[in-house]
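1. I would like the atomic coordinates for the input below:
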Amino acid sequence: MEDLRFMTERGANVNGKYTGQRNRPVLVWSKTGAVITKTKCIETLKMQSIVLYECKLRHNACLFEEICQETYQELPLGTGRLYRHTAMGQKGKNQQEQEHMQTFMTFMSNDLFSMIDDGTILIQKYIPH
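-> Numbers count the residues shown, from 1 in each chain. Modelled structure (predicted):
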């Protein structure tokens, strides 16, 4: 499941092509700058996710994700949303059938927001590629 994938340091794409760069995770441990793993998100930060939408066409799942994210895009980063841009999932003309494509909603705990407030966790600023 990729419900917390936006938290990871994965390959960066520009116009659908891998650039050799890495994405900057939204949240990191402030003392070390280390990426917060999915296990830590679930066990330590008490994050939970639910599937909002599931289908076999990537394009449809990406459109649903884009609509959900655009609804909350005006919230400041860290006060209700942790993604930087809307509709960053793969999409395009290639709508080949997959086993299933899912769109998630991830819930943050009060523990996470307390750790941001006390400086344990840092929201990294966005630096464009």
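
2. What segments of the protein are strands?
-> 11-14, 17-22, 27-29, 48-57, 97-107, 121-123 (DSSP state E).

3. what lines up beside the last one in the sheet?
-> The one in question is strand 121-123. Sheet neighbours of strand 121-123, with direction, are listed as strand 27-29 (antiparallel) (DSSP bridges).

4. Can you list the buried residues in the strand it pairs with?
-> Using 16 or more other CB atoms under 10 Å as the test for burial, strand 27-29 gives 27-28. Every C-beta, even on glycine, is put in place using the N, C-alpha and C of the backbone.

5. same thing with stretch 56-69?
-> Using 16+ other CB under 10 Å as the test for burial, stretch 56-69 gives 58-66, 68-69.

6. what residue ranges in the protein score low on pLDDT?
-> Within the chain, the segments meeting pLDDT under 70 span 1-2, 5-24, 77-99, 126-129.

7. helices or strands next to the lengthiest helix in the chain in the packing?
-> Under DSSP state H, the helix in the chain containing the largest number of residues is helix 58-72. Judged by 3 or more CB pairs under 8 Å, 6 or more residues apart in numbering; DSSP states H and E, helix 58-72 is in contact with strand 48-57, strand 97-107.

8. how many degrees apart are the first one and strand 97-107 in direction?
-> Counting by axes from the mean of the first three to the mean of the last three CA atoms, to 10 degrees, strand 48-57 lies at 160 degrees to strand 97-107.

9. Mind listing what's buried along strand 48-57?
-> For strand 48-57, burial by neighbour count (16+ other CB under 10 Å) applies to 49, 53.

10. swap in stretch 101-115?
-> In terms of neighbour count (16+ other CB under 10 Å), stretch 101-115 has its buried residues at 101-104, 106, 108, 112, 115.
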